[in-house]
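[1] Got a sequence here, can you build the structure:
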Amino acid sequence: MKSDYVWMDGELVPYEEAQIHVNTPSLHYGYGAFEGIRAYDTPQGGAVFRLREHLERFVDSAQVLGVQEFPYSVEDLRKASHETISANGFKGCYIRPLLYFDGSFTLNLDANTPHVSISTWEWGAYLGDEGLENGVHMTVSSFTRHHINVSMTKAKITGNYANSVLAKTLAVRSGYDEAIMLDPTGYVAECSGENLFLVRDGVIYTPPRATILEGITRDSVLTLANDLGYPVVEEPISRDQLYIADEVFVCGTAAEVTPVSTIDHRQIGAGRRGPVAEALQTAFFQTVKGGGERSEEWLEYVEG
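    Modelled structure (predicted):
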């Protein structure tokens, strides 16, 4: 996760000096927001995937959290992202904007001052290179996803992710790669950090948007599925529908497009990447590497 520089409130700071105080209220109370973005090494140079959409969601997360005077525009953050990637000499990397607060030690958001940092680092396949082809082993978690009136499901608020940490850690300790989480009514929501799809009889199904984080990679996969002619249905999905699916796969900035081979020790389909997941995975990686029909629309080449 190391780099040479971190952007902090308009200034490139050496990595070792990019620090905040231990009594920063965001650390204690979990009020902050972040975004996850990837840049890819393409024949035309480093290119960030859907940068503007990610930064718009970052600003939206601040709005949902209740920040009344967010200090930067999307364009400010776009330029800062380019500056940070370029300063670190990266072609392909992960980009992490972070909103945090300092000031008084209080639960009142308005009593503190917002700050933004942007970090970059080189990062491979989140669920492993082997998983991209052979699939990963998942479990349905005993931890439920947030109720829409308990927290804000449309924002990447830092404190929300304690829920994901509990589910992911238990899954890994139990021998699985990832956790699938149900919503408060018992239907499938998403994974600890990915959106989920299943395939049955050539139709792609995915949970509706109401109780999930509306992933930008999810939106990209839906668009690519439409481009490839696959019908897509957004509707509630039950746990047992996962077990009898022809394919299950997940997506996210970190996970990209990753198939699921087994869930709760039940083999899904052929027990490895299926044809629909493979087609979407191929289209996705062609796109982010600069050779897809959507590349011009979705890639922003690194300046500087």
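[2] can you give me the strands in the stretch 1-150 of the chain?
    Assigned by DSSP state E, counting those that start in this stretch, the stretch 1-150 of the chain shows strands spanning 5-8, 11-14, 33-34, 37-42, 45-49, 93-103, 112-121, 136-140.
[3] just the stretch 201-304 of the chain next, same as before
    Using DSSP E, counting those that start in this stretch, strands in the stretch 201-304 of the chain cover 203-206, 232-234, 247-252, 256-263, 266-267, 299-301.
[4] Residue 65: which of the strands of the stretch 1-150 of the chain is closest?
    strand 33-34 (5.8 Å; CB to CB). Using the backbone N, CA and C atoms, a C-beta is placed for each residue, glycine as well.
[5] Report the rounded mean pLDDT for that closest one.
    For strand 33-34, the mean pLDDT works out to 98.
[6] Output the contacting helices and strands for that strand.
    helix 51-65, strand 93-103 (3 or more CB pairs under 8 Å, 6 or more residues apart in numbering; DSSP states H and E).
[7] Quick one: distance of that strand to the chain centre.
    Centroid separation for strand 33-34 versus its chain: 11 Å, with CA atoms, centre = their mean, to the nearest Å.
[8] Tell me which of the strands of the stretch 201-304 of the chain is the most buried.
    strand 247-252 (a mean of 27; mean count of other CB atoms under 10 Å).
[9] pull the helix or strand with minimum mean pLDDT from the chain.
    Sorting the helices and strands of the chain by mean pLDDT, DSSP states H and E puts helix 129-134 at the bottom, at a mean of 87.
[10] before we move on, back to that, just send the strands of the stretch 1-150 of the chain back as a markdown table, with distance to residue 239 too.
    Formatted as a markdown table, those follow (distance: least, CB to CB, whole Å):
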| stretch | distance to residue 239 |
| --- | --- |
| strand 5-8 | 41 |
| strand 11-14 | 46 |
| strand 33-34 | 29 |
| strand 37-42 | 30 |
| strand 45-49 | 32 |
| strand 93-103 | 32 |
| strand 112-121 | 36 |
| strand 136-140 | 6 |
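[11] just so I know, which of those strands lies nearest residue 249?
    strand 136-140 (9.6 Å).
[12] May I see the buried residues of the closest one?
    136-140 (16 or more other CB atoms under 10 Å).
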